[in-house]
Each structure stands twice: as C-alpha cells, then as structure tokens.
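Undergrad: Provided below for reference: sequence and predicted model.
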Amino acid sequence: MSNAQVLAQLAASHDRILGELIEFASIPSVSTDPAHAADMAAAAGWVAAKLAAAGPIAVRTIATAGNPVVYGEWLGAPGKLTVLVYGHYDVQPPDPLEKWTSPPFTPTIRDGRLYARGVSDDKGPSLIAIKVAEAFLAVTGALPINVKFMFEGEEEIGSPSLDAFIAEHKALLAADLVISADGAMWRPTEPSLTVASRGLAGLSFTLTGASKDLHSGRHGGSVANPLHAMARLVASLHHTDGRIAVEGFYDTVVELSAPERAAIAAIPFEEATYLEQIGALPGHGEAGYTLLERQWTRPTLEINGMWGGYQGPGQKTVIPSEAHAKITCRLVPGQDPDAVVAQITRHLEAHVPPGTRLSVTPGDHGTPAAHIATDHFALQSAAAALQAVYGVPPLVVRMGATVPIMELFKRHMGIDTVYFSFSTSDEDYHAPNEFFRVHRLHEGLEAWARYWELLSEVRA
C-alpha cells in the first residue's frame with residue numbers, strides 16, 4: 001500500500017472536496033427546530049450517499065427515537081484494528097441572522113476561510129474521514145484498517161438518542177477504538193490532542209412569594225420579593241474566594257497529581273492575552289489554581305440565567321410573584337451528575353429565604369467526566385501523524401466543555417475515544433460567522449490518512 005499515492009490522490013482532489021463541503025454546508029440541518037425536519041433528512045441522505053460513493057462500504061440509515069444514524073462499514077482487513085469513526089451532521093441554529101456577514105447557509109470563502117453554519121462543527125471534520133476512505137479505496141482498493149462509520153443527527157441538542165442507540169447496537173458498533181471527528185483542537189497555532197473533557201449536570205429552580213404579582217406601593221415592605229430572595233440564594237452558592245459552598249460538592253473530586261499540574265503549567269499560555277481576547281477582567285476564579293487548571297480540571301457551578309418581574313420599557317411598579325434561575329455544573333473525575341444535582345438541591349432547600357417557597361427541576365440528563373490515558377497506543381499514533389503533518393509534536397490538552405461520546409462509548413463498550421478534529425476553538429461555532437480554515441481541511445485529509453496507516457502497524 002502506497003501512502004504517498006493516497007496523499008497525492010487527496011492533494012489532487014482538494015478543490016473537489018472543498019466543493020463537496022460547500023454543498024454539505026448548504027443544507028440547513030438544524031436539529032433543534034422541527035421546521036427543519038426535511039433538511040435533517042436531506043443531510044442524513046447526503047452523508048449516506050457520500051459514504052456509498054466512496055467505495056465498497058456497506059451503508060445503511062438506522063432510525064432512532066429522533067434523527068437517524070448513518071452507519072457504514074468496511075471490514076476487509078483481517079488481523080488489523082477496527083476503528084469506529086464518529087461525527088454528526090446536525091448544526092446549531094444560525095440566529096441572530098443579522099450578525100452574519102454572509103448568509104449562514106450560503107457557504108462563502110473569504111481570506112482562506114469558508115464561512116457557513118456547521119462548517120466547522122462538524123461538517124468539515126466529518127467529511128474528512130469519508131474522503132480519506134474514498135482515496136484509499138480508489139488508489140489501493142482497500143483501507144489499511146477496518147473502519148466503521150457512525151454519523152448522528154442530534155449532537156447539537158445533547159444527543160438524546162445516542163445512549164440508547166449505543167446500548168442497543170453494541171455488536172454492530174464493536175471496535176478497538178473510536179476516532180471522533182468532533183471535538184476541536186485547542187488553538188490554530190499548533191496541533192493538539194485532547195485527553196480529557198469535563199462532565200455536565202444541570203437544574204432549574206423557582207422561588208415563589210405571593211400567589212400573584214403585587215403593587216409595590218400597596219404591598220411593598222410587607223411581603224418577600226422573590227427577586228431579592230433569588231439574589232441572596234444564588235449568592236450563597238459560592239464563597240468569596242470562588243470556592244463552591246455546596247456541602248459535599250468536592251468530596252469525591254480527584255485532585256491533580258504534582259506531575260499533572262506541572263504538565264499543564266508547561267503548556268505555553270498567557271492569561272493576560274486570553275483575557276484580552278475575550279474582553280474579560282482578571283481577578284476571578286477558585287483560589288489556589290491557575291486559569292488553565294480551573295478551565296480544564298476543576299468543577300464549576302454557573303448561573304446560566306436568572307429572571308423574573310417586569311422587563312419591558314419604562315417602569316412597572318410590581319413585586320413579582322416568582323423568580324427563576326438555571327444552573328449548570330461542569331464536573332471532573334469522581335463526580336456523579338445525579339449526586340451533584342442532589343447536593344445542590346439540598347443546599348437550596350437549606351437556604352431558602354424567609355417568605356418564599358422553592359421548587360427545583362433537575363436537568364433531563366447528565367454526563368460524567370471522561371479521559372483517555374496519555375500513553376494510550378492510539379493517542380501515540382495520533383501524535384505521530386500530527387507531527388508528520390505539522391513538523392512539531394502536538395500539545396496534550398484538556399477540554400473544559402463536555403462531549404458525551406467519550407463517556408458513552410467507554411461505559412457501554414469499554415473502548416476509548418481519540419478526538420481527531422481539524423476545526424479549532426476560535427472558529428465561532430455556535431456563533432454568527434462560523435468558519436473553517438481551508439488549509440485545515442487539507443491538513444486534516446493528510447493527517448487522517450497518516451493516522452490510519454500508523455494504526456495498521458498496531459497488532460489487533
């Protein structure tokens with residue numbers, strides 16, 4: 001098998017592959033909006049067609065409780081590893097539309113960047129895997145390893161069908177490793193590999209005072225104001241040093257070892273530059289930890305929304321009947337999402353201000369933290385592939401966000417996940433003017449081809 005011929009085939013196909021990505025990104029596959037049901041079906045059909053056109057890959061579309069999974073397999077490499085490639089074909093809503101320089105579903109190239117909703121998250125990275133398979137099959141008639149493909153259509157709404165899908169199809173999905181086309185690299189200036197992601201837990205709650213809104217002159221000073229009470233209750237969740245005040249919250253948290261802290265400290269990172277880039281002021285965060293440690297390895301409790309009362313123009317002299325808030329927590333190894341929600345609920349119940357009543361609604365699902373060992377064979381092969389493309393070894397980083405697939409595949413199937421995406425965290429996915437760097441498309445094609453070749457040298 002000639003890797004050089006495959007790389008030459010991919011290089012010669014750059015313009016055609018870019019054109020296909022433009023076609024893919026033109027489909028408004030917004031999974032959260034029922035109005036786009038037909039577009040979701042079109043995107044699933046597009047992916048299935050591209051997989052089938054790539055060569056002798058057995059492709060089928062499998063129904064779920066929500067949007068379908070597009071599955072494909074090529075298993076013609078006996079004795080070699082089997083990898084499961086994961087990606088998703090759904091995208092975030094494009095709103096607010098007025099913030100886009102060009103229409104979100106009219107992909108547009110400007111200054112070496114392709115702008116479109118979903119082009120970075122996750123259509124560009126997903127297409128890379130399909131096109132690499134196509135190149136190997138065109139040049140050599142075979143892939144260097146056994147490959148299964150699984151593209152879902154619900155990642156942007158929390159993958160509600162994925163847990164059950166994996167549990168029900170463990171035999172179909174059986175593999176030695178998952179390679180995820182989702183999960184962006186940390187920065188565009190150097191390659192990186194992500195070895196851990198935080199988990200997620202959430203809840204919402206309401207404080208109620210009187211049974212209806214009241215005139216603030218007639219009733220002011222005689223009944224509790226739920227907005228005042230909410231401010232007090234929310235403030236009780238943290239100590240002044242940034243540490244979370246919920247009893248038991250840190251009891252199961254696994255602290256970093258000295259070598260782990262040293263490895264994070266060795267990563268080139270300037271806190272002042274980061275804060276300037278996001279327009280934030282210094283002086284916030286849990287005491288005793290660096291900014292990267294807080295982002296990657298410490299649990300958080302964040303108020304995502306808090307509202308109540310009159311919010312229109314002018315004034316309305318009212319004591320509102322209710323105040324509301326939403327919380328999410330990012331979790332680290334050792335923390336259980338359900339236990340964290342229960343701990344926070346007990347704290348809220350114990351600190352309800354006088355004159356108000358509390359109701360709590362747990363989030364619909366939680367995700368534990370996940371990680372892969374830094375000496376995992378698949379991670380070492382990925383690092384070698386990236387170094388071959390970029391000429392430098394990749395940074396080993398962690399992810400402050402939550403990508404459920406790593407934990408799901410580990411829990412149901414006992415296999416690890418390598419994030420091998422070629423989008424980067426600055427590409428405004430989930431925001432207006434999302435883009436994907438065209439050179440990252442080409443680099444990703446080369447890296448995936450090299451990665452599969454390197455994995456073919458590992459004994460199954």
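TA: Yep, that arrived.
Undergrad: When you work out contacts or count neighbours from here on, use the C-alpha atoms and nothing else.
TA: Fine.
Undergrad: how near is residue 83 to residue 18?
TA: 25 Å (Cα to Cα, to the nearest Å).
Undergrad: Looking only at neighbour counts, state which of the two leads.
TA: residue 83 (23 against 17; other Cα atoms under 10 Å).
Undergrad: contacting residues for that one?
TA: Residue 83 makes contact with 145-148, 175-179, according to Cα atoms under 8 Å, 6 or more residues apart in numbering.
Undergrad: What about these, which one has the most neighbours?
TA: Counting neighbours by other Cα under 10 Å, the top entry in these is residue 178, with 28 neighbours.
Undergrad: Shouldn't that residue be within a strand?
TA: Yes. Counting by DSSP: H, G, I helix; E, B strand; the rest coil, residue 178 is part of a strand.
Undergrad: That one touches residue 413, doesn't it?
TA: No. Counting by Cα atoms under 8 Å, residue 413 is not a contact partner of residue 178; they are 10.4 Å apart.
Undergrad: residue ranges of the helices in the stretch 201-350 of the chain, please?
TA: Taking DSSP state H, counting those that start in this stretch as the test, the helices found in the stretch 201-350 of the chain are 216-219, 226-235, 258-265, 271-278, 291-297, 337-350.
Undergrad: number of nearby residues for the nearest residue to residue 190 once chain neighbours are set aside?
TA: Spatial nearest neighbour of residue 190, chain neighbours left out: residue 394 (6.9 Å); criterion: Cα to Cα, 6 or more residues apart in numbering. Using other Cα under 10 Å, residue 394 has 18 other residues around it.
Undergrad: Same check on residue 166?
TA: Residue 166 sits with 19 neighbouring residues when counted by other Cα under 10 Å.
Undergrad: can you check residue 77 too?
TA: By other Cα under 10 Å, the residues close to residue 77 number 15.
Undergrad: Quickly list the domain ranges of this structure.
TA: Annotated domains of the chain cover 3-197+369-455, 199-253+299-362, 256-293 [automatic domain parsing].
Undergrad: Of those, flag the one that's most buried.
TA: Most buried of these, by mean neighbour count (mean count of other Cα atoms under 10 Å): domain 3-197+369-455, with a mean of 20.
Undergrad: Any idea how far apart the tips of that domain sit?
TA: End-to-end distance of domain 3-197+369-455 (Cα to Cα): 13 Å.
Undergrad: And that domain, how far out from the chain middle?
TA: Computed by Cα atoms, centre = their mean, to the nearest Å, the chain-centroid distance of domain 3-197+369-455 equals 12 Å.
Undergrad: list the contacts for residue 438?
TA: 18, 112-114.
Undergrad: Give me the pLDDT value at it.
TA: You'll see residue 438 listed with a pLDDT of 98.
Undergrad: Same question for the one 10 residues further on.
TA: Confidence per residue is given as pLDDT, and for residue 448 that number is 98.
Undergrad: wait, isn't it in contact with residue 127?
TA: No. Between residue 448 and residue 127 there is no contact under Cα under 8 Å: 11.2 Å.
Undergrad: sorry, back to before: save the helices of the stretch 201-350 of the chain as TSV, and put in distance to residue 47 too.
TA: Formatted as TSV, the helices of the stretch 201-350 of the chain follow (distance: least, Cα to Cα, whole Å):
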stretch	distance to residue 47
helix 216-219	58
helix 226-235	45
helix 258-265	38
helix 271-278	35
helix 291-297	33
helix 337-350	34
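Undergrad: For residue 258, give its distance to residue 331.
TA: Distance from residue 258 to residue 331, by Cα to Cα: 20 Å.
Undergrad: do the same with residue 75
TA: Using Cα to Cα, residue 75 is found at 37 Å from residue 331.
Undergrad: tell me the centre residue of this protein?
TA: With distances taken as Cα atoms, centre = their mean, residue 403 lies nearest the centre of the chain, 4.2 Å away.
Undergrad: Phi, psi for that residue please.
TA: phi -120, psi 110 (degrees, to the nearest 10).
Undergrad: which one is it nearest to, not counting chain neighbours?
TA: residue 197 (6.8 Å).
Undergrad: Quick check: phi and psi on residue 143?
TA: Per-residue torsions, residue 143: phi -100, psi 150 (degrees, to the nearest 10).
Undergrad: Nothing else from me, thank you.
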